[in-house]
Every structure is written in structure tokens, then in C-alpha cells.
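Visitor: starting from these lines, generate the structure:
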Amino acid sequence: MNDTSPGGGQGDKADDRSPCGALCDTHAHLDAEQFAADLDDVLRRAREAGVATIVCPGITAQSSAAAVALARDRAGVFAAVGIQPNYTAQARTDDWPQIVALSLEPRVVAIGETGLDRHWDYSPMAVQRESLDRHLRLAQQRDLPVILHCREAEADMLPLLREAARRKPLRGVMHSFSGDWAVAEQCLALGLHLSFSGPVTYANRKFDAIREVARRVPADRFLV
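Guide: As a prediction, this is how the structure comes out:
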């Protein structure tokens, strides 16, 4: 994906403006503990490889705050804030107000990740649906794109997305898309981008449907 400068910063230690043709990584959990020992080296290698901009999405209120802190301190890093569906059941009552407050930070460029997940079933679907609705409304209120996680829950998610789109046009990405072309068409009609991750390359025939979607998605709505 070509970088289109997802946001502006305040007090940056380096110039955030990306060169024409530079890449933007729209989904990197840089706050994960695996990066703690060598994050600066990770970012340096990314820049050397042509990745000028990175969006770090939150999965809990705590990781969202960590993503915002990283974005404040490091040029080229921006944050998304949200509670990933598999963590919604363990969220505390004060976590959502924290997400709302963090969404006002100048280097927050998206809401999420959010969504629905029936594969792991770590959180009751009613709790996940309520959380997704909150995230969609916040994204529309802040006029920010939304990062959507959907695993084996397309039938649950699409009605909620259509309801949100009736309020105000949607912007965002279906992260690591795993549906078929019928689902993809509905997502594209809603104005969403689709992103594809490792499974699109797997030889197993059960991933043929994802490959078919990847072949048919318009280039300007395709993230990898």
C-alpha cells in the first residue's frame, strides 16, 4: 500500500513526511513484548526496507495507551485505539472511557482493532456485538477509519456494518480477510478496504476462496 500520510504529529523528533512510493504498514502490534528488547532496530530495519509509516493498533485499553505512547515518541509511528473482540469479556468498566479519551490524541489515525470472532469464542457474542457497535459509532464521531477483525462471524458483522453505514459512510479495512467473494462484495459496497495475510499463500485448497477474492478485489481497495 502506498503511504498517504495517515496523520500529523506534534513535537516529532524526525520528519514524518514519507517519500513518494514509500510503504505504510497499517497493522503492526509494536507494543507487543516480543519487540521490547529491539524495537528501535525493528523500526530501523523497516525504514531501510522502505516502510516509512507504521500504524500500531490496540487490542485492549492498556495496549492502546502503549500504542499512543509509541506514536508520541517515534517518528513514522501512528496509533489506533480499541478493544479486540477476544478481549472484550475481560475489559473493565473504565476501559471504554479510556479508549474514547485516547481517540482524541493527535497521532491516533484509526479506531480498532474491533470486530467479531466466533472461532476462539473467548467472549460472548452479545458482548462482542455491543463493543463493535461502540467502536463503529466512535469512529464515525471522530471521522476516523476503523480496523475490523472478523473470524467466522461475517453473518453477524455485516448487518451491524450496514446499520452503521446508514448513519454515516464507513471508512476502514477488513483486516486479514477470510470470507468469500459474496462477503467481499458487500464489504466493498460499504466502502471498506480488504487486507490479505499469510493464508492467501497457503497451498491448502480450503484457502482457494480467499485467493479468488484476492484476484478480484480492485487494486485501490487491496491491502496485503
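Visitor: average model confidence for the longest strand seen in the chain?
Guide: Ranked by residue count and defined by DSSP state E, the top strand of the chain is strand 108-117. Mean pLDDT, strand 108-117: 98.
Visitor: do the same with stretch 194-204
Guide: The average pLDDT for stretch 194-204 rounds to 94.
Visitor: can you give me the first-to-last residue distance of it?
Guide: End-to-end span of stretch 194-204 (CA to CA, to the nearest Å): 21 Å.
Visitor: still on that earlier bit, direction included, what does the longest strand of the chain pair against?
Guide: strand 77-81 (parallel), strand 146-151 (parallel) (DSSP bridges).
Visitor: now mean neighbour count, distance to residue 182 and mean pLDDT too, for those strands, in TSV please.
Guide: Quick note: C-beta positions are derived from backbone N, CA and C, even for glycine. TSV is the format used below for the strands paired with strand 108-117 (neighbours: other CB atoms under 10 Å; distance: least, CB to CB, whole Å; pLDDT from 0 to 100):
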stretch	mean neighbour count	distance to residue 182	mean pLDDT
strand 77-81	29	28	98
strand 146-151	25	14	98
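Visitor: now these as CSV including distance to residue 34?
Guide: Listed next are those as CSV, based on distance: least, CB to CB, whole Å:
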stretch, distance to residue 34
strand 77-81, 16
strand 146-151, 20
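Visitor: quick one: residue 141 from residue 123, how far?
Guide: 24 Å (CB to CB, to the nearest Å).
Visitor: looking at those two, which is more packed in?
Guide: Relative neighbour count places residue 123 above the other of residue 141 and residue 123, with 20 against 12, counting by other CB atoms under 10 Å.
Visitor: so the more buried one: helix, strand or coil?
Guide: At residue 123 the chain is in coil, as set by DSSP: H, G, I helix; E, B strand; the rest coil.
Visitor: the nearest residue in space to it that is not next to it in sequence sits in which helix or strand?
Guide: Leaving aside its sequence neighbours, residue 123 sits nearest to residue 89 (CB to CB, 6 or more residues apart in numbering; 3.8 Å). Taking DSSP states H and E as the definition, one finds residue 89 inside no helix or strand.
Visitor: quick one: residue 89 and residue 160, what's the gap?
Guide: 18 Å.
Visitor: same question for residue 41.
Guide: Between residue 41 and residue 160 the computed distance is 40 Å (CB to CB).
Visitor: buried set for stretch 133-145?
Guide: By neighbour count on 16 or more other CB atoms under 10 Å, the buried set for stretch 133-145 is 134, 135, 136, 138, 139, 140, 142, 144, 145.
Visitor: now the residue sitting nearest the centre point of the chain: how far from residue 179?
Guide: Centroid-nearest residue in the chain: residue 147, 3.1 Å away (criterion: CA atoms, centre = their mean). Taking CB to CB as the measure, residue 147 falls 16 Å from residue 179.
Visitor: same question, residue 30
Guide: Going from residue 30 to residue 179 by CB to CB gives 27 Å.
Visitor: could you do residue 169 as well?
Guide: 21 Å.
Visitor: give the contact list for the closest residue to residue 211 other than its chain neighbours.
Guide: Of all residues not flanking residue 211 in the chain, residue 200 sits nearest, at 5.8 Å (CB to CB, 6+ apart). Applying CB atoms under 8 Å, 6 or more residues apart in numbering, one finds that residue 200 lies in contact with 207, 210, 211, 214, 224.
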